[in-house]
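Enquirer: Got a sequence here, can you build the structure:
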Amino acid sequence: TWGPFLIGLLRTMKLLVFISLLWLSYAAATEYYTAGAVQFMPYGTAQEDPADVIGRNLREYWNFVKEASEQGVQILVFSECGLGNCLAHEKNTREAMYHFCESIPDPRDSTAPIIPCDNPTFAGRPQLQNVSCMAQTYKMTLVLNTCDVEYCTTTTHDCPADGKFQYNAHAVFDETGRLVARYRKVHLFGENKVFNHAKSEPITFKTAFGVTFGAIICFDLQYLTPVRALIDMGIRNFVFSTWWWSQPPAMVATQVQQGFSRINKVNLIAANTGAAPINNGGGLWSEGRPVNVEYHTVGPDNQINNIRKLLVAKLPILPDGPFVASETHIPLALPSLGSAQIAPVPAAAAWHGKCSIGAIYGPWGNCVMLHAKNAPQTGSLTVSDGPITCNLDYKIANNPNEDFALFVYKGTQNIPNTPEPFNLEICTLVHCEHHSILPDLVAYCRPVYESKTIFSEFKLHATGFNETGNLMPLFALNQAQVQPIESLGYKDEYVNGQRTATLTSNVVFDQPLFSAAAYSVIPNPDF
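Expert: Modelled structure (predicted):
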């Protein structure tokens, strides 16, 4: 019958009108600044002279800053390793990385302005000199990511054997070319052989347009340090450079960026490397809203190509202030799932057992494999791993020949060349290609971005998360495209003494689902 469909359509239309009016009223009453994020795969190879690689990419940076200036950009963020220093990872030695390093002074240690542009003191430091001159020439705040070197002796605590600390670092320049901040990455990912991890400290800088920013780099985004200290200071704007290694279902770059921006209610300027499909995805976010964001699961013409692009948007000036954890939820009573008892999916349409979803999560978690072709229109699935129980109530609009996994995992991953363990908790529903079922009931399901199954409504409910974890919602439709936050309800609360995450569809979706997840990284006390 047409009744339920028309009711669902009407509710969706009302919600969309409400969202539009809410955003228009929000926009009309808010001041803005113009931000830019460069999605950039550097030129060069590990076999080339590092000075030549740096020089070529600096010339590209000049072009990007000029382009940004023509669009009125006031603050521009470059990607992690954008000048080519990540090429040193191919050789995986400190000496290879050292050739990309420059000594970045800490402006807090100087009473006089530090302006590297045309400054003979900075001879031999072309990165700092050039970016300082770019900022001065185009009257723009610039955030450079590079390698920072600090020399030490045997009398220095923990001085490395080669006599130098090497850090993955930000150097921030204001519109006069003055160095205003230096931030060193805390949470390394696969970089332990070339970088030292820095102690956690909140680094901020204030711009000429009156906005104060906090600085983080790549894997820092998933941890509470130094983010929580910055949030507690009232910081509502973040600059973020990354060479993100997207690993679906729960480490896709734009999904994690949206989750971070949403749960912390902040603006995020995210500059990522431009290698599709693994190392790309970024842009401009405001309180979880994708203002100007791109993520490519493949390159142009279905090829894995390098992306070099400037993304620009106006971001609202959010008032500084103490962090408020609660969200404003837009309630929508789901026509089919609201209060009805949903029957468990029959065994013919669901396989239960040990499984792995994507390489980053090994060893194995537990899952229920839902065969969409045989699945009932509405159904319920449940799976647990240790203290975490993951439940899905759903309604699907079609039955293509595809598999989805309801996957739960709690454990610790030891990532190669990474100094700290990766303590992860996840409950996720993800489209994947079911590869095998072995005699001892284990399976591997490879996440697939392109989906045909439409989960028109769903409720993903997970209990038992660690109370100290950095818990966030992740959600994307077909081809991993993020959606307006108003389309997804989210709660992080305590129910019967257990930390509980709930994701609910706030609209009746008409596009295929890629994944939905409650995802948490538990901090390490030593970092």
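
Enquirer: So what's the residue count around residue 31?
Expert: Counted with other CB atoms under 10 Å, the burial measure for residue 31 works out to 11 neighbours. For the C-beta atoms, the positions are set from N, CA and C on the backbone; glycine is no exception.

Enquirer: gap between it and residue 292?
Expert: 18 Å (CB to CB, to the nearest Å).

Enquirer: And for residue 321?
Expert: Relative to residue 292, residue 321 is positioned 25 Å away (CB to CB).

Enquirer: Those two: which is more packed in?
Expert: residue 292 (16 against 10).

Enquirer: Helix or strand: which one has the more buried one?
Expert: Residue 292 belongs to strand 289-294 when assigned by DSSP states H and E.

Enquirer: Just checking, which helix or strand succeeds that strand along the chain?
Expert: Note on strand 289-294: by DSSP H and E, the next helix or strand toward the C-terminus is strand 308-316.

Enquirer: Which positions in that following strand come out as buried?
Expert: Buried residues in strand 308-316, counted by 16 or more other CB atoms under 10 Å: 308, 310-316.

Enquirer: likewise stretch 470-490?
Expert: Applying 16+ other CB under 10 Å to stretch 470-490 flags 470-483, 485-490 as buried.

Enquirer: likewise stretch 129-141?
Expert: By neighbour count, and taking 16+ other CB under 10 Å as the criterion, the buried residues in stretch 129-141 are 129-136, 138, 140-141.

Enquirer: out of those, who's nearest residue 110?
Expert: Distances from residue 110 to these, taken as CB to CB, are shortest for residue 132 (14.3 Å).

Enquirer: Assign the closest one to helix, strand or coil.
Expert: Here residue 132 is recorded as helix under DSSP: H, G, I helix; E, B strand; the rest coil.

Enquirer: Begin at 29 from now on, thanks
Expert: Yep, numbering from 29; the last one is residue 160 now.

Enquirer: Distance check, it against residue 189.
Expert: 33 Å.

Enquirer: for the protein, longest strand please?
Expert: Ranked by number of residues, the top strand in the chain under DSSP state E is strand 450-465.

Enquirer: for it, packing partners?
Expert: strand 416-424, strand 431-441, strand 470-475, strand 483-493, strand 541-550 (3 or more CB pairs under 8 Å, 6 or more residues apart in numbering; DSSP states H and E).

Enquirer: Try it again at 6 Å.
Expert: When contacts are defined as 3 or more CB pairs under 6 Å, 6 or more residues apart in numbering; DSSP states H and E, strand 450-465 packs onto strand 431-441, strand 470-475, strand 541-550.

Enquirer: Kindly point out the strands partnered with that strand and how each is oriented relative to it.
Expert: strand 431-441 (antiparallel), strand 470-475 (antiparallel), strand 541-550 (antiparallel) (DSSP bridges).

Enquirer: what's the distance between the first one and the middle of its chain?
Expert: A distance of 19 Å separates the C-alpha centroid of strand 431-441 from that of its chain, computed with CA atoms, centre = their mean, to the nearest Å.

Enquirer: Give me the contacts around that strand.
Expert: 385, 389, 393-399, 409, 411, 413-414, 416, 418, 420, 449-451, 453-460, 462, 473 (CB atoms under 6 Å, 6 or more residues apart in numbering).

Enquirer: Show me which residues of that strand are buried.
Expert: Across strand 431-441, burial judged by 16+ other CB under 10 Å covers 431-439.

Enquirer: Tell me which helix or strand comes right after the lowest-mean-pLDDT helix or strand in the chain.
Expert: Using mean pLDDT, DSSP states H and E, helix 31-56 stands out as the lowest-scoring helix or strand of the chain, at a mean of 48. Sequence order places strand 60-68 as the next helix or strand after helix 31-56, per DSSP H and E.

Enquirer: Which residues does the helix or strand where residue 97 lies contact?
Expert: Counting by DSSP H and E, the element that carries residue 97 is helix 78-98. Applying CB under 6 Å, 6+ apart, the set of residues contacting helix 78-98 from outside is 64, 66, 70-72, 104, 111-112, 127-128, 158, 162, 166, 338.

Enquirer: Can I get that helix in CSV? Just the C-alpha atoms.
Expert: Written as CSV, here are the backbone C-alpha positions of helix 78-98 (Å, rounded to 0.1, in the frame of the first residue of the first chain):
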residue,chain,number,x,y,z
PRO,A,78,65.2,15.8,-1.0
ALA,A,79,66.2,19.5,-1.8
ASP,A,80,64.7,19.1,-5.3
VAL,A,81,61.6,17.5,-4.0
ILE,A,82,61.1,20.3,-1.4
GLY,A,83,61.7,23.0,-4.0
ARG,A,84,59.2,21.6,-6.5
ASN,A,85,56.5,21.3,-3.9
LEU,A,86,57.2,24.7,-2.5
ARG,A,87,56.5,26.1,-6.0
GLU,A,88,53.2,24.4,-5.9
TYR,A,89,52.5,25.9,-2.5
TRP,A,90,53.0,29.4,-3.9
ASN,A,91,50.4,28.6,-6.5
PHE,A,92,47.9,27.4,-4.0
VAL,A,93,48.4,30.4,-1.7
LYS,A,94,47.9,32.7,-4.7
GLU,A,95,44.7,30.8,-5.7
ALA,A,96,43.5,30.9,-2.1
SER,A,97,44.1,34.7,-1.9
GLU,A,98,42.0,35.2,-5.0
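
Enquirer: Redo the buried residues of strand 336-344 as a markdown table? Include distance to residue 543.
Expert: Formatted as a markdown table, the buried residues of strand 336-344 follow (distance: CB to CB, whole Å):
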| residue | distance to residue 543 |
| --- | --- |
| 336 | 28 |
| 338 | 28 |
| 339 | 23 |
| 340 | 28 |
| 341 | 25 |
| 342 | 30 |
| 343 | 27 |
| 344 | 29 |
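
Enquirer: Can you tell me which of the residues you listed comes closest to residue 313?
Expert: Using CB to CB, those come closest to residue 313 at residue 343, 8.3 Å.
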